[in-house]
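A.B. asks: Build me a model:
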Amino acid sequence: MIIKAYAIDTARAVAFLSRIPMPSFVFAGDDGKLGRTARAFPLAGLLIGIIPAAIFLMMLGLRADRLMSALVAIAALTVITGALHEDGLADAADGIGGGRDRDHALVIMKDSRIGSYGAIALILSIALRAAALAAIAREASAFEAALAIPAAACLGRAALVWHWHRLPPAKTDGVAASAGKPGEGAMHMALVSGCLLAALIIWPALGLLPLVCSLLASGISVLAVTLYIRRKLAGHTGDTLGAAEQISEIAALCALAMAL
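C.D. replies: Predicted structure coming up:
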């Protein structure tokens, strides 16, 4: 029963975090709350990252340019997720960068239009991830480099859950508030499974030092983001969840590239 419940939570997490269709029976009895489902976010991230990793591997196998291959893989990942986390990063950057105070920042973040801070954040997110993947591909085999994509996706989603759990909702009418909040057990399971899955992927392929560096970079970055968001907004929103995921994923990939 425990395995079945976790499998259902994983399917629901994949459906929430991506545009990958799931069978209707998965949502039987679903109340729309994500508090428990969040425990499966790291595994869902791994599954979501498999297709972009396969594309990256295929292009490297065809001797395509490493940076171009990385950009295509990131483009595929963005399409699969519907730019869910990128949208959050852009909105959070616009709100925090352009907001005069907390209330003004929240108003800006609710606006669907993108500003200069959001545009710059998106450019940097894509550029840093692509550059890091290309650097990893220069130092490792194509297969080993491709594994960095699902590994970083696991860590990014685990960081998202931790950020979500640690902060109260910044507003009562937001998507994150209505979806519920991960409990202590769900948060711990997300962290443990995220780190374990990343270790099982990174250590055999890239080594112990890159694993340690990626875990530290991911953890420190989400801690810094959470402390900053607490000071600026006094709580999380759906946008800050996306920002936490993106920044943690970027940090993990950059750490992997620098440690090889």
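A.B. asks: C-alpha from now on. contacts and neighbour counts both.
C.D. replies: OK.
A.B. asks: From the contact counts, what lies against the helix ranked longest in the chain?
C.D. replies: Longest helix of the chain, by residue count under DSSP state H: helix 208-233. Here helix 208-233 touches helix 102-110, helix 148-166, helix 184-206, helix 238-259, going by 3 or more Cα pairs under 8 Å, 6 or more residues apart in numbering; DSSP states H and E.
A.B. asks: which one of those helices has the lowest average pLDDT?
C.D. replies: For those, mean pLDDT drops lowest on helix 102-110, to a mean of 92.
A.B. asks: What residues of that one count as buried?
C.D. replies: With burial defined by 16 or more other Cα atoms under 10 Å, the residues of helix 102-110 counted as buried are 105-106, 108-109.
A.B. asks: now swap in stretch 75-87 and tell me
C.D. replies: Buried, per 16+ other Cα under 10 Å, within stretch 75-87: 76-78, 80-81, 83-87.
A.B. asks: Now render those residues as JSON lines, adding secondary structure.
C.D. replies: Formatted as JSON lines, those follow (DSSP: H, G, I helix; E, B strand; the rest coil):
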{"residue": "Ala76", "secondary structure": "helix"}
{"residue": "Leu77", "secondary structure": "helix"}
{"residue": "Thr78", "secondary structure": "helix"}
{"residue": "Ile80", "secondary structure": "helix"}
{"residue": "Thr81", "secondary structure": "helix"}
{"residue": "Ala83", "secondary structure": "coil"}
{"residue": "Leu84", "secondary structure": "helix"}
{"residue": "His85", "secondary structure": "helix"}
{"residue": "Glu86", "secondary structure": "helix"}
{"residue": "Asp87", "secondary structure": "helix"}
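A.B. asks: The residue lying closest to Ala179 once chain neighbours are set aside: what secondary structure?
C.D. replies: Spatially, and ignoring its direct neighbours in sequence, Ala179 is nearest to Lys33 (4.6 Å; Cα to Cα, 6 or more residues apart in numbering). On the three-state scheme (three-state DSSP), Lys33 is labelled coil.
A.B. asks: What is the least confident helix or strand in this protein?
C.D. replies: Lowest by mean pLDDT, DSSP states H and E among the helices and strands of the chain is helix 175-178, with a mean of 66.
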